[in-house]
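Asker: Sequence plus the predicted model coming up.
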Amino acid sequence: MVNPLYKFWLVLRSTVFWIFFLPATLILAGLLSLAFFMPLGFRVGIVHVWIGFSLACLRLFCGLKYEVEGLENIPDHGFIVMSKHSSTWETIVIQRFFRPMVWVVKRELTWIPFFGWALKSMDAIALNRGTGRKAINQLVQESRRSMDEGRILMLFPEGTRVPPGQIKPFKLGGAIVSQQTGYSVLPIAHNAGEYWPRHSWIKWPGTIRVVIGKPIYPAGRKPERIIEEVGNWILAECDRISDRAQLKRLGIL
Amino acid sequence: MVILDRDGVINHQADDDVTTVDGWDPIPGSIEAINRLKKAGYLVTIASNHSGIARGYYSEKDLQQMNDKMQKLLAIRGASVDGIFYCPHGPEANCICRKPKPGLLFKIAKQFGIDLSQTPVVGDNISDIQAAKMANAKPVLVRTGKGEYVMQHFPEALDVPVYDDLAHFVRETLRRK
């Protein structure tokens, strides 16, 4: 059990974090929304100011840091990043390693004021998930164009934040893109959900571990086989780097 | 919906209970079979006896880990089991959920609002067949696990459709559909 006084201290620290993080996010997202006509480099610059500021706030106010292994696995160009999704944290920080990148998101996200407009300004590929095959064709087409232009495709195959200890099916879309376009998949595992859990006010102090895997090549395989390899690797790595002491604090173990 | 027993249907079961996550080994084709059922639009749930918990052979946490292993194997194929129901009691507890009693099946029916009379219950043990019959569901026997033995020793199993394994059952079910 976590000492209630300590918990209160964490709530306080996280509140200070929000006091800085929220206005900065609104301002920068607003700025980015307005800058949709500016050169890509400028817009990417705004994103990275936001990432840097967010990380500094997390470190300063919440004592939350991160470390990365596998940076050497990142190919020079043209690949699809598939990351574990367990927290808001990775939606901010993962962009740091890949530039310029482009998000694949569900269409509804681009309707959110500020945040969604910023996504649009960054040319996010917005999927209408209800439309089945049409959505897949659109995804493949737009992804191919983006990657041909030298951008790095970024998506969460689980489709939603999955809390530690839970398991959700991996979606096939990204693997279909890989199969159809020939671009490889770069899998990423991390344990951010253990420190910045979904719907949690508290951001716990500690060090998030991020692991970048070796590229997985489509090699003429069916999308089902590709996502199987990706999912296998991600789930196994997440198990390996999971912080058991932190899971106990969260009451999951 | 299709309701499955776990040990002997989805994973191998030796004479002893499976007690650890490392000892939990899927029967070849069973995970893919569940995946095919899900892709065909079926709900898939599991109804299992785990008296090993009451007997202290393994803990709920061990069980959770084994089920997680199964869910992970499904997740990377884009599928998941819709519900895992189990009885943790021993025989002497006289609970209503331990198969051959139909408690687990009723619980599943209630939670999902399904008609058991249209629902196959796939098992490898006589207790699966008895529970299914008592719940007026459709019992199905597979030869894996204890299935072969049950087929030869229990007259109650004579009128129950038999398949080689879960993969065989799913193949036939989807073909007929």
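Answerer: Nice, I can see it. Numbering: from 1, shown residues only, chains lettered A, B, ... in the order given.
Asker: Does chain A have contacts with the longest helix along chain B?
Answerer: Within chain B, and with DSSP state H defining each element, the longest helix by residue count is helix B:60-75. Yes. Against chain A, helix B:60-75 shows contacts by CB under 8 Å from any CB of the partner chain at B:68, B:71, B:72, B:74, B:75. Every C-beta, even on glycine, is put in place using the N, C-alpha and C of the backbone.
Asker: Show the residue spans covered by the helices in the chain.
Answerer: I went with chain A, as the question did not name one. A:4-34, A:40-57, A:89-93, A:115-121, A:133-148, A:173-181, A:223-241, A:244-250.
Asker: Chain B was what I was after
Answerer: In order along the chain, chain B carries the following helices (DSSP H): B:30-39, B:51-54, B:60-75, B:103-112, B:126-134, B:147-153, B:166-176.
Asker: name the helices or strands packed onto the first one?
Answerer: For helix B:30-39, the elements it packs on are strand B:44-49, helix B:60-75, helix B:166-176, judged by 3 or more CB pairs under 8 Å, 6 or more residues apart in numbering or on different chains; DSSP states H and E.
Asker: Where does the stretch 101-250 of chain A get nearest to chain B, residue-wise?
Answerer: Of all residues in the stretch 101-250 of chain A, residue A:231 sits closest to chain B, with a separation of 3.1 Å (CB to the nearest CB).
Asker: In this structure that residue contacts residue A:162, no?
Answerer: No. Contact between residue A:231 and residue A:162 fails when scored by CB atoms under 8 Å: they sit 11.8 Å apart.
Asker: Which one's more surrounded, these two?
Answerer: For residue A:231 against residue A:162, the residue with the higher neighbour count under other CB atoms under 10 Å in any protein chain shown is residue A:231, and the figures read 26 against 20.
Asker: what does chain A have sitting close to chain B?
Answerer: The interface of chain A toward chain B, taken as CB under 8 Å from any CB, is made up of A:167-172, A:224, A:227-228, A:230-232, A:235.
Asker: Which positions in chain B make contact with chain A?
Answerer: Counting by CB under 8 Å from any CB, the residues of chain B lying close to chain A are B:68, B:71, B:72, B:74, B:75, B:76, B:77, B:78, B:79, B:80.
Asker: Let me know how buried the fifth one is, in neighbour terms.
Answerer: The local packing count at residue B:75 equals 25, with neighbours defined by other CB under 10 Å.
Asker: That one: what's it in contact with?
Answerer: Residue B:75 makes contact with A:167, A:168, A:169, A:170, A:231, A:235 under the criterion CB atoms under 8 Å, 6 or more residues apart in numbering or on different chains.
Asker: ok, now the second one?
Answerer: With contacts defined as CB under 8 Å, 6+ apart, the neighbours of residue B:71 are A:167, B:80, B:81.
Asker: and if we set it to 10 Å?
Answerer: Counting by CB atoms under 10 Å, 6 or more residues apart in numbering or on different chains, residue B:71 makes contact with A:166, A:167, A:168, A:169, A:235, B:79, B:80, B:81, B:84.
Asker: Out of these, which end up buried?
Answerer: Among the contacts of residue B:71, the ones that count as buried by 16 or more other CB atoms under 10 Å in any protein chain shown are A:167, A:168, A:169, A:235, B:79, B:80, B:81, B:84.
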